[in-house]
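A.B. asks: sequence? don't have it. structure:
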């Protein structure tokens, strides 16, 4: 059974999985993440990288290496008028085989989610430039 399938099964068994110590212990075991997760299920000490920036608009990713062959990511975006972000966790992450695979997935998610961000006219130009920078990173992933 894959890690995501194991996590889904744990979430199905525990109605309040997000606050259950037992559910968290099971999730940590499913990931093989003993010592890598805080009390909320967040992978601790992941590396952050700003991947695109223009004016007050900033796109950032985080990559966490759990062990060889298991990498997870998170992403965030802020502009003058909008933003989103999250940390990588045992509850919502997808394992990737390499750091580059995780990085590309994070950038792809940023592109999808930034396209849905509403912003004022003054911030739109910055957001447009950030999207263009991110698109270049996805179009040429071998340069990483």
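C.D. replies: It's in. Just so it is clear, the structure is predicted and the values come from calculations on it, not from any experiment.
A.B. asks: the longest strand seen in the chain pairs with which strands, parallel or anti?
C.D. replies: Longest strand in the chain, counting residues (DSSP state E): strand 57-67. Paired neighbours of strand 57-67 in the sheet (DSSP bridges): strand 47-54 (antiparallel), strand 70-78 (antiparallel).
A.B. asks: any idea how far residue 21 is from the closest residue to residue 32 other than its chain neighbours?
C.D. replies: In this structure, residue 32 finds its nearest non-sequential neighbour in residue 67, 6.6 Å apart by Cβ to Cβ, 6 or more residues apart in numbering. In this view, the C-beta of every residue, glycine as well, is placed from N, C-alpha and C. With distances taken as Cβ to Cβ, to the nearest Å, residue 67 is found 23 Å from residue 21.
A.B. asks: do residue 53 as well
C.D. replies: Look at residue 53 and residue 21: by Cβ to Cβ, they are 40 Å apart.
A.B. asks: neighbour count winner among those two?
C.D. replies: Comparing residue 53 with residue 21 by other Cβ atoms under 10 Å, the one with more neighbours is residue 53, at 14 against 8.
A.B. asks: what are the bridge partners for that one, then?
C.D. replies: Beta-bridge partners, per DSSP bridges, of residue 53: residue 58.
A.B. asks: where in the protein is pLDDT low?
C.D. replies: 118-123, 140-144 (pLDDT under 70).
A.B. asks: do that again at 80, thanks
C.D. replies: For the chain, applying pLDDT under 80 flags the ranges 115-125, 140-144.
A.B. asks: residue nearest the centroid of it?
C.D. replies: Most central in the chain under Cα atoms, centre = their mean is residue 74, positioned 1.6 Å from the mean C-alpha point.
A.B. asks: determine the set of other helices and strands touching the helix ranked longest in the chain.
C.D. replies: The longest helix of the chain (DSSP state H) is helix 121-139. Helix 121-139 is packed against strand 47-54, strand 57-67, helix 99-114, with contacts defined by 3 or more Cβ pairs under 8 Å, 6 or more residues apart in numbering; DSSP states H and E.
A.B. asks: nearest to residue 39, of these?
C.D. replies: Checking those against residue 39 by Cβ to Cβ gives strand 57-67 as the closest, at 16.6 Å.
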